[in-house]
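>>> no FASTA, just this:
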């Protein structure tokens with residue numbers, strides 16, 4: 001089994017796609033007005049409008065902008081460079097400045113316009129680097 005994607009449901013898909021394109025520097029592919037995704041070598045970040053909930057059983061299945069438990073994480077080449085780039089973008093809500101975590105990743109944490117937490121990280125300890133080289 002392989003993880004294929006993480007999907008965010010939002011009431012403002014254009015705003016959220018634009019945010020992630022700016023934050024990651026990567027383009028999204030629009031499949032419909034209600035669904036777009038960004039593919040990476042390890043999976044995809046998909047964004048769907050609240051209108052897509054009808055296909056999954058109705059509006060009660062998910063609530064846009066109400067996540068309080070998931071962090072969307074991106075492995076980046078140089079987290080400190082990414083931090084400098086992000087800190088120059090208006091509207092980026094940095095929650096945690098560059099920090100080296102006990103498990104060996106250097107990371108920053110910020111929120112997207114819907115309040116979802118996003119982590120950009122780079123493995124810096126030998127153990128963390130080894131963990132990501134094995135993948």
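Nice, I can see it. What you see is a predicted model; the values in this text were computed from it and never measured. Numbering: from 1, shown residues only.
>>> what is the burial count for the residue nearest to residue 126 when sequence neighbours are not counted?
By the measure of CB to CB, 6 or more residues apart in numbering, the closest residue to residue 126 outside its immediate chain neighbours is residue 104, 7.8 Å from it. Using the backbone N, CA and C atoms, a C-beta is placed for each residue, glycine as well. Residue 104 has 18 neighbouring residues, counting by other CB atoms under 10 Å.
>>> report the buried residues of stretch 61-80.
62, 64, 65, 67, 74, 75, 76, 79 (16 or more other CB atoms under 10 Å).
>>> which residues are contacting it?
Here stretch 61-80 makes contact (CB atoms under 8 Å, 6 or more residues apart in numbering) with 6, 8-11, 24, 42, 45, 50, 53, 56, 82, 98, 106-109, 112, 114-123, 132.
>>> now do the helix or strand hosting residue 47: everything it contacts.
Element membership for residue 47 (DSSP states H and E) is strand 43-49. Strand 43-49 is touched from outside by 2-11, 13, 16-17, 20, 28, 33-38, 72, with contacts defined as CB under 8 Å, 6+ apart.
>>> pairing partners for it, with directions?
Note on strand 43-49: by DSSP bridges, its sheet partners are strand 5-10 (parallel), strand 35-40 (antiparallel).
>>> mind listing what's buried along it?
45, 46, 47, 48, 49.
>>> over to stretch 83-97?
Buried, per 16+ other CB under 10 Å, within stretch 83-97: 83, 86, 92.
>>> and the first one, which of the three is it?
Okay, so that is residue 83. Using DSSP: H, G, I helix; E, B strand; the rest coil, the structure places residue 83 in helix.
>>> next one: residue 99
Applying three-state DSSP: residue 99 is strand.
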